[in-house]
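In: Quick one, structure for this:
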Amino acid sequence: MIISIAGPDTYRSRQKLKSIQQLGLQKQAKQEIFHFEDIELPDTEDTLLAKLKQSFNTSSLFSEKRLIIIKDLVLLPKALYPKVKKTLQTLKDNSEIIIVFYNTNNIPKTHPLAKTLIDLQAKQTQYDYLPEPKAIVYIQQMSLEQGLDINREGIMYLIDLQKQEHKQTQEKETNKAKKSPFRIDFYKIESMFNQIYNYYGEKHNISKSMLELIFPNLDTYSIFSLTEYIYSHNYGKYLTALKYIEKSGIEGIALYGLIISQIKNALIIKLAQEKGLQYSNYTKGHPYVLQITAQNIRTWNSQDLKKIYLNLIDGDSAIKFQGQSPYDKLRELGILLP
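Out: From the prediction side, this is the model:
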């Protein structure tokens, strides 16, 4: 039997590989692993291929079950694929041997290995990232397999913790190319499950409030959270974030100047949008940040943004020449939110 396992969702693909290995142990199969990503000296790509070919051609006087795992063969330079093809052509259909091709990335359809696997009639499974609804179902199944009974609200709480962590990471990235979409990390979920089991054991119906005891949701706010809450008309969250930032020791005058800059950019973007102009021609900043700002202020009009901007300018004067507190002036902004 020939099996191909590939795809970027390595948690699920490794779970599949692990299940095949466990089955091999149960049947007392001799296991061999050929890893083509981290080839260690004295082996080279050529010598490892030669050893693989020798393994294919090895026969025993006695019936012997074998499991041969070939990892990341797709990473070899394409110049070697004529040799790879010759090596794989020595494979023989043998019920006593299971051969597993395991790759931690998808195999492109145009890649020579893809055609070879089709010729070998390999049973192929590709593990792409699950969309969130299917990932939730998968996590629920994971919890049951580990002897945990976590209700749906609890599952969603664990996912929300990851979303918050992902958002904080993205806020720190200034390079748009490094920004990635949110993916549920099953490895972290599994680690959380281990901690939950150690704390609660096989207790039934584990709820969100029970999980908060182990994984408290400590809201952390960045300086950019302030304008997000202004744009979403959420003055309560704005005050909470401002209080957190003040306690963190962020210097008030610098923060105030940053808020002015962000509201000014938002006003320029809104004025350009209302006139049907391209806002990137009138304001500076990272394209990704400007795009997010443009999305966040879609429910605003230029007059309301201008009112806030002029209030901030007046406040700046009061801070510099009258000694007023930047944080007090920022707290006053709430009365202007429409």
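In: Name the spans of this protein whose pLDDT lies under the cut-off.
Out: Residues of the chain meeting the criterion pLDDT under 70: 40-41, 59-63, 92-95, 171-179, 217-222, 286, 288, 334, 336-338.
In: what about the strands in it?
Out: Along the chain, the stretches classed as strands by DSSP state E are 2-6, 30-35, 66-71, 97-102, 123-126.
In: how about residue 35, what does it touch?
Out: Residues counted as contacts of residue 35 (C-beta atoms under 8 Å, 6 or more residues apart in numbering) are 71-72. C-betas here are computed from N, CA, C, even on glycine.
In: Go again with 6 Å.
Out: When contacts are counted by C-beta atoms under 6 Å, 6 or more residues apart in numbering, residue 35 touches residue 71.
In: want to throw the strands of the chain into JSON lines with distance to residue 312?
Out: Output for the strands of the chain, formatted as JSON lines (distance: least, C-beta to C-beta, whole Å):
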{"stretch": "strand 2-6", "distance to residue 312": "54"}
{"stretch": "strand 30-35", "distance to residue 312": "59"}
{"stretch": "strand 66-71", "distance to residue 312": "58"}
{"stretch": "strand 97-102", "distance to residue 312": "57"}
{"stretch": "strand 123-126", "distance to residue 312": "53"}
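In: I'd like to know which of the ones you listed is closest to residue 318.
Out: strand 123-126 (61.8 Å; C-beta to C-beta).
In: What is the burial count for the closest residue to residue 229 other than its chain neighbours?
Out: Among residues not flanking residue 229 along the chain, residue 238 sits closest, at 3.8 Å (C-beta to C-beta, 6 or more residues apart in numbering). Neighbourhood size, residue 238 [other C-beta atoms under 10 Å]: 24.
In: ok, residue 238 touching residue 228?
Out: No. Using C-beta atoms under 6 Å, residue 238 is not in contact with residue 228, being 8.8 Å away.
In: Outside of the longest helix seen in the chain itself, list whatever touches it.
Out: Across the chain, the helix with the greatest residue count (assigned by DSSP state H) is helix 252-274. By C-beta under 6 Å, 6+ apart, the residues outside helix 252-274 that reach it are 223, 227, 279, 282-283, 293-294, 297, 302, 305-306, 308-309, 312, 326-327.
In: likewise stretch 104-124?
Out: The contact list for stretch 104-124, computed with C-beta under 6 Å, 6+ apart, reads 2-4, 6-7, 10, 74, 81, 85, 88.
In: again, 10 Å this time
Out: Identification of contacts with stretch 104-124 by C-beta atoms under 10 Å, 6 or more residues apart in numbering yields 1-10, 13-14, 37, 71-76, 78, 80-82, 84-85, 87-89, 91, 93, 99-101, 103, 126-128.
In: give the contact list for residue 162.
Out: Shown in contact with residue 162 (C-beta under 10 Å, 6+ apart): 182-185, 188-189, 192.
In: just the buried members of the contacts of helix 252-274?
Out: 223, 227, 279, 283, 293-294, 297, 302, 305, 308-309, 312, 326-327 (16 or more other C-beta atoms under 10 Å).
In: Tabulate those residues (a markdown table), appending distance to residue 57.
Out: Below are the buried ones among the contacts of helix 252-274 laid out as a markdown table (distance: C-beta to C-beta, whole Å):
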| residue | distance to residue 57 |
| --- | --- |
| 223 | 65 |
| 227 | 67 |
| 279 | 66 |
| 283 | 67 |
| 293 | 64 |
| 294 | 63 |
| 297 | 68 |
| 302 | 76 |
| 305 | 74 |
| 308 | 77 |
| 309 | 77 |
| 312 | 77 |
| 326 | 77 |
| 327 | 76 |
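In: Among those, which one sits closest to residue 26?
Out: Taking C-beta to C-beta as the measure, residue 26 lies nearest residue 223 of these, at 56.5 Å.
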